[in-house]
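1. Sequence below, structure please.
(2 chains)
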Amino acid sequence: MPLTPGEGRGDFATLVGWRSNAPDAAPRPAFASPGAISTPGDGLAGTDIHGTTVIAVKYKDGVINVGDRRATGGFAIMYDKAEKILPLDDYTLMAISGSFSKAMEIVRYLRHAFRYYERSQLQPMSLDGKLSELGKVIAGNQMAAMQGIGAVIPVLSTFDRERNEGRIFFYDGGGARFETAEYGAAGSGSTQIRGVFEYISKTRGPFREMDRETALREALTLLEIAADLDAATGGAGKILPVAKTITKDGIEDVDEETLRAVVNDILARDPLASGPNAR
Amino acid sequence: MSYSLYDWNQSLQQRNEYVEDRLKDGSPVVAVSFDGGILLLSLRPEQQRKVYEIYDRLIMGALGKQSDVESLRIAAIDTAHREGFERSPDDVSVQRLVGFALSPAIKRVYNDQTAIPLTLRVVFAEMNRSADEDHLFVLGYDGEFAGRQRYAVVAGTAYAEQQAEEALAAAAPKTLEEALAAALTAWGTARARLAPRAASDDEEFDPLAADGQDDGSAPKTSDDPAVALREAIKDGATVEAALLSRTTPRETKFRVLADSELTAAVAPYR
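-> Predicted coordinates for the structure are as follows:
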């Protein structure tokens, strides 16, 4: 190892020679929790595993992210405990949809890139810098995505400490970013529920004025609607979704008990429901 | 021109003296592993940082030439991140980093008779599940390194380091407050006790020196850690401390302590 550092401007891609479409950045087996092992073993090795619906909504203290736990490969449910809402640093969450393996690769890369910059340059990367970094990765992935392998559409949520507010960004396939005023959603179930967001904010008031409880309930209801209308989105009745918040104090998991209570309540409102939650 | 064994020995000696002379005046860095994590503390005369985050569970502090410290720091960060990304963050360990990456590189520079040796002494600390499992390493200008448990200090001389580490072992801090207090004392010790006091110092009566103290001024050299700390702070040095927290739920375990967190510990020396 030479004692002559590279360019010294904190660019992690230069350090590791990482390009998202380079052959050595091929998808790796990427399951969210190390303990969980899922073996397809049914000839689906060539199938890209896809994450499905993720939702981000603002509320008065910041941003809530919810996501179902399902990952699909073709018409098969490959994995029912996927983590699709992943922290990039203390104030940034990336909700992933599309190719699961590529998304995990991008998350791994960004986690290192943000920290590498901060540690080597002795100052944190700016929000704009982080957003551009993700944009570059998605743009680099565009060719592969157009050929039908490894398309990733993320929703990035963060708490902007300078403005003291939560912010949500989404990207198109070419890496362009857009900031949304209220909500963002991605994945196969997201198109079906788009109108519902509008309906909620027009009838119940804007998301950014809701308290945590209300915003969580609306987001989980939206996720449940997505599960009803989209075959690839997992319902909350079987496995609890994941919900995380970002506030000025950083990222926090919504605890399982709160989540379970809200989910049970939503499920019980279905007039034709059967099972333990039925009225 | 012939090159004898004597010349070789002489040049080695000169290189060592060159470096050690320059290290002597450096501000020591103290690493303390306790239940809540690992504390790294130093006093800095200028605005330049002295304690650094290297990787998720790795920190570093150094004394020496800032330019040399900086190139070693970047080399450590590069190596750790490359390994963490290409293999796994779990595979980034201080013993691999120091033993197989940094030490050989420093050694190469030291052995090169045409290059100026890196003028630095570095302490690394790796946080694990408990203080007993933490690993601390001290790395020298010639590439030599040594592992430490619980406490590690880099200072101007080996004697100073040993004295400061003994002071830490005696204090055996459990909480962050205790660790801060013990680390400050250790810093003062490392600063004040660069060499053992000759036995004659205490006994020999020097009428001139005694006269000089009649006006009540402190003796010129004191081995009291508190005096060294007070003088450094009076001269405008600021205390810099960073914590690698074992208990935080945050993604980032490292944080530089805010001034408000240091006020109580520093108050006795103001």
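2. Okay, buried residues for stretch B:47-67 please.
-> B:49-65 (16 or more other Cβ atoms under 10 Å in any protein chain shown). Every C-beta, even on glycine, is put in place using the N, C-alpha and C of the backbone.
3. Please apply the same query to stretch A:169-185.
-> By 16+ other Cβ under 10 Å, the buried positions in stretch A:169-185 come out as A:169-171, A:175, A:180, A:183-185.
4. Dump the residues you listed to CSV, plus secondary structure, distance to chain B and pLDDT.
-> CSV is the format used below for the buried residues of stretch A:169-185 (DSSP: H, G, I helix; E, B strand; the rest coil; distance: Cβ to the nearest Cβ, whole Å; pLDDT from 0 to 100):
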residue, secondary structure, distance to chain B, pLDDT
A:Phe169, strand, 19, 96
A:Phe170, strand, 23, 91
A:Tyr171, strand, 22, 89
A:Gly175, coil, 21, 87
A:Thr180, strand, 24, 92
A:Tyr183, strand, 25, 93
A:Gly184, strand, 22, 92
A:Ala185, strand, 24, 91
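5. So which residues of the stretch 101-250 of chain A form strands?
-> Using DSSP state E, counting those that start in this stretch, the strands found in the stretch 101-250 of chain A span residues A:155-160, A:165-171, A:177-180, A:183-186, A:242-247, A:250-253.
6. I should have written the stretch 101-250 of chain B there, sorry.
-> Secondary structure of the stretch 101-250 of chain B by DSSP E, counting those that start in this stretch: the strands cover B:120-126, B:135-139, B:145-148, B:151-154, B:238-245.
7. can you put those in TSV and add mean pLDDT, mean neighbour count and distance to chain A?
-> TSV is the format used below for the strands of the stretch 101-250 of chain B (pLDDT from 0 to 100; neighbours: other Cβ atoms under 10 Å in any protein chain shown; distance: least, Cβ to the nearest Cβ, whole Å):
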stretch	mean pLDDT	mean neighbour count	distance to chain A
strand B:120-126	97	26	11
strand B:135-139	97	23	13
strand B:145-148	96	16	15
strand B:151-154	97	28	18
strand B:238-245	96	22	12
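8. Which one, of the ones you listed, ends up nearest to A:Gly234?
-> Nearest of the strands of the stretch 101-250 of chain B to A:Gly234, taken as Cβ to Cβ: strand B:238-245 at 35.4 Å.
9. List the contacts of the closest one.
-> B:36-44, B:49-53, B:57, B:59, B:125, B:127, B:176, B:180, B:183-184, B:233, B:253-257, B:261-262, B:265-266 (Cβ atoms under 8 Å, 6 or more residues apart in numbering or on different chains).
10. picking up where we left off before, let me know the closest of the buried residues of stretch A:169-185 to B:Pro225.
-> A:Phe169 (52.2 Å).
11. I'd say that closest one and A:Asp160 touch.
-> No: applying Cβ atoms under 8 Å as the test, A:Phe169 and A:Asp160 come out as separate, 10.8 Å apart.
12. what helix or strand is whichever residue of the stretch 1-150 of chain B sits closest to chain A on?
-> Here the residue of the stretch 1-150 of chain B nearest chain A is B:Ile74; by Cβ to the nearest Cβ that distance is 3.8 Å. If you go by DSSP states H and E, B:Ile74 is part of helix B:66-86.
13. Could you list every helix and strand that that helix packs against?
-> Counting contacts by 3 or more Cβ pairs under 8 Å, 6 or more residues apart in numbering or on different chains; DSSP states H and E, helix B:66-86 is packed against helix A:12-16, helix A:100-121, strand B:51-55, strand B:58-64, strand B:120-126.
14. how far does the fourth one sit from the chain's center?
-> What separates the centre of strand B:58-64 from the centre of its chain is 7 Å, taken as Cα atoms, centre = their mean, to the nearest Å.
15. And for the third one?
-> Distance of strand B:51-55 from the chain centroid (Cα atoms, centre = their mean) equals 14 Å.
16. Please state the mean pLDDT value computed over it.
-> Mean pLDDT, computed over strand B:51-55, is 97.
17. Equivalent analysis for stretch A:146-164, please.
-> For stretch A:146-164, mean pLDDT is 88.
18. near chain B at all, that stretch?
-> No: Stretch A:146-164 lies out of reach of chain B by Cβ under 8 Å from any Cβ of the partner chain, never closer than 13.2 Å.
19. quick one: buried residues of that stretch?
-> By neighbour count on 16+ other Cβ under 10 Å, the buried set for stretch A:146-164 is A:150-159.
20. Report the backbone C-alpha coordinates of it in CSV.
-> Taking Å, rounded to 0.1, in the frame of the first residue of the first chain, the C-alpha atoms of stretch A:146-164 are listed here in CSV:
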residue,chain,number,x,y,z
MET,A,146,-33.1,-0.2,-20.5
GLN,A,147,-32.1,-3.7,-21.4
GLY,A,148,-34.4,-4.9,-18.7
ILE,A,149,-31.9,-5.8,-16.0
GLY,A,150,-31.4,-4.0,-12.7
ALA,A,151,-33.6,-1.0,-13.0
VAL,A,152,-33.8,0.8,-9.7
ILE,A,153,-36.2,3.6,-8.8
PRO,A,154,-35.5,4.9,-5.3
VAL,A,155,-37.3,7.5,-3.1
LEU,A,156,-34.8,9.5,-1.0
SER,A,157,-36.0,11.0,2.3
THR,A,158,-34.0,13.2,4.5
PHE,A,159,-34.2,15.7,7.3
ASP,A,160,-32.8,19.1,6.2
ARG,A,161,-31.2,20.5,9.3
GLU,A,162,-30.6,23.9,7.8
ARG,A,163,-34.2,24.4,6.9
ASN,A,164,-35.5,22.3,9.8
